[in-house]
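J.: got a predicted model here, sequence first, then my questions.
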Amino acid sequence: MMEDQNYGALAEFHSIKEEEEGKMKVAQMDDEEEKTIKVTQMDEEDEETLPHSEILDIFEEGLARLVQDPLLCDLPIQVTLEEVNSQIALEYGQAMTVRVLKADGEVMPIVVVQNATVLDLKKAIRRFMELKQQREGGVKLISWQYVWRTYHLVFQGEKLEDDKMRLKDYGIRNRDEVTFMKKLRKK
């Protein structure tokens with residue numbers, strides 16, 4: 001009797017699990033000519049095969065609608081997940097924007113977490129520049145070792161030299177401006 005109840009409960013658990021898993025299964029298939037994604041609806045015995053390019057178009061349309069949201073409207077059309085997460089963290093007060101002023105007058109809005117270090121800011125600047133170059137179509141290699149050997153970041157006249165020190169220990173807050181400054185050569 002007890003075995004029948006256990007079996008019944010186990011069977012019910014598996015049928016619920018199969019029902020949830022069976023609503024939509026996506027299987028990726030490799031064709032020699034083209035990648036396709038096969039979407040199978042288990043409720044209907046209907047199969048629909050879409051080429052990879054159509055799936056990509058559908059995704060990009062959805063992403064374009066998402067970026068129209070007032071919260072995310074500042075993001076570019078070719079947005080990355082990292083940028084969306086940064087913008088959301090910014091809105092919730094978990095991140096801050098540091099405006100980095102380059103020598104040519106361009107201001108780069110860099111988003112970092114509230115307790116970011118100088119090294120985190122440098123990595124975010126590098127990521128910002130890489131994404132900018134990808135979007136503009138040019139792939140110029142930048143030697144970041146050279147950049148940090150030749151320039152340093154300055155906030156209110158103070159050099160940000162210690163990579164392990166937190167930005168807020170230097171007094172940097174949301175929307176503060178940090179400047180790229182060329183290092184003077186020692187003779």
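T.: The structure has been received and is ready for your questions. Numbering: from 1, shown residues only.
J.: wait, what's in contact with the residue nearest in space to the middle of the chain?
T.: The residue lying closest to the centre of the chain (C-alpha atoms, centre = their mean) is residue 82, at 0.8 Å. Listed by C-beta atoms under 8 Å, 6 or more residues apart in numbering, the contact set of residue 82 reads residue 127. Placement of C-beta: from N, CA and C, glycine included.
J.: so what's the backbone phi/psi at it?
T.: phi -60, psi -40 (degrees, to the nearest 10).
J.: I figured residue 164 hits residue 118, correct?
T.: Yes: counting by C-beta atoms under 8 Å, residue 118 is a contact partner of residue 164 at 7.5 Å.
J.: more neighbours, these two?
T.: More neighbours surround residue 118 than the other of residue 164 and residue 118, with 23 against 7 (other C-beta atoms under 10 Å).
J.: if I look at that one, how far off is residue 186?
T.: With distances taken as C-beta to C-beta, to the nearest Å, residue 118 is found 22 Å from residue 186.
J.: show me what the mean pLDDT comes to for the helix or strand residue 55 falls within.
T.: For residue 55, the host element (DSSP states H and E) is helix 52-67. On average, the pLDDT along helix 52-67 is 82.
J.: quick one: buried residues of it?
T.: For helix 52-67, burial by neighbour count (16 or more other C-beta atoms under 10 Å) applies to 63, 67.
J.: fine, thanks again, bye for now.
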